Structure formats: structure tokens, C-alpha cells
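Asker: how would this look folded up:
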Amino acid sequence: MALVLPKPPEISAGTIEEILAAAYALERAAARRYQHLGRAMRQVGHEDVARVFEELAAEESQHVASVEQLSNRLLGSLPAADIIRW
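Answerer: Next up, the predicted model:
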């Protein structure tokens, strides 16, 4: 798993669905990265740092849930996964 995007994601923000798809993809990626970093820090014995990354992952997961709720309210569903190319 790359920790940094090799290039900025191609995000077209012409519609509400595209904006929500971008937000959804970004928040999910951030949560996964923080989870990965937390596990890595725990494996090398940095418990305090691991807990910080786990807390950040939890925050991002809450953002994911917020985007899901907003998308369901505005679109009636989650944004289509194929809108955003990562």
C-alpha cells in the first residue's frame, strides 16, 4: 500500500454525485492509511503513536459515515464507485 498518492486523483466536480464520490473515496482512503500506520507503529512497539493513528482512523471513519448519510439523503444511494479513478 502506497502511503502517498503518486499523483493527485482525477476528480471532476461537475455534479453533486461527483463531489460526494470524491469525498467518499478520500475519506475511505484516509481511514485505511491511518489504520495501516497504526498497525505498523504497533508492530514496532510504538504504542502511543499507534493509538494516535487509530484515533485518526476513527475520526476518518466518522467522516465516511457522514458522507454516506449525506449521499443517501441527496442521491438516495452511495455515490457510484467508478466515478472516481484512484
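
Asker: ok, the residue nearest to residue 81 when sequence neighbours are not counted - contacts?
Answerer: Distances taken as CB to CB, 6 or more residues apart in numbering place residue 21 nearest to residue 81, at 7.6 Å, with adjacent residues excluded. In this view, the C-beta of every residue, glycine as well, is placed from N, C-alpha and C. Contact partners of residue 21, counting by CB atoms under 8 Å, 6 or more residues apart in numbering, are 79-81, 83-84.

Asker: of those - the most surrounded one?
Answerer: For the contacts of residue 21, counting by other CB atoms under 10 Å, the largest number of neighbours falls to residue 79: 23 neighbours.

Asker: which strand or helix spans the residue nearest to residue 81?
Answerer: Using DSSP states H and E, the element containing residue 21 is helix 16-43.

Asker: ok, then the element right after that helix?
Answerer: helix 47-75.

Asker: quick revisit: just the buried residues of the helix holding residue 21, please?
Answerer: For helix 16-43, the buried set under the neighbour-count rule, 16 or more other CB atoms under 10 Å, comprises 17-31, 33-35, 37-38, 41.

Asker: surely residue 78 is within a helix?
Answerer: No. Counting by DSSP: H, G, I helix; E, B strand; the rest coil, residue 78 falls outside a helix, being coil.

Asker: tell me, how many neighbours does it end up with?
Answerer: By other CB under 10 Å, the burial measure for residue 78, its neighbour count, is 14.

Asker: what's the answer for residue 60, then?
Answerer: Residues near residue 60, counting by other CB under 10 Å, number 20.

Asker: hmm, it is touching residue 37, no?
Answerer: No. Counting by CB atoms under 8 Å, residue 37 is not a contact partner of residue 60; they are 11.6 Å apart.
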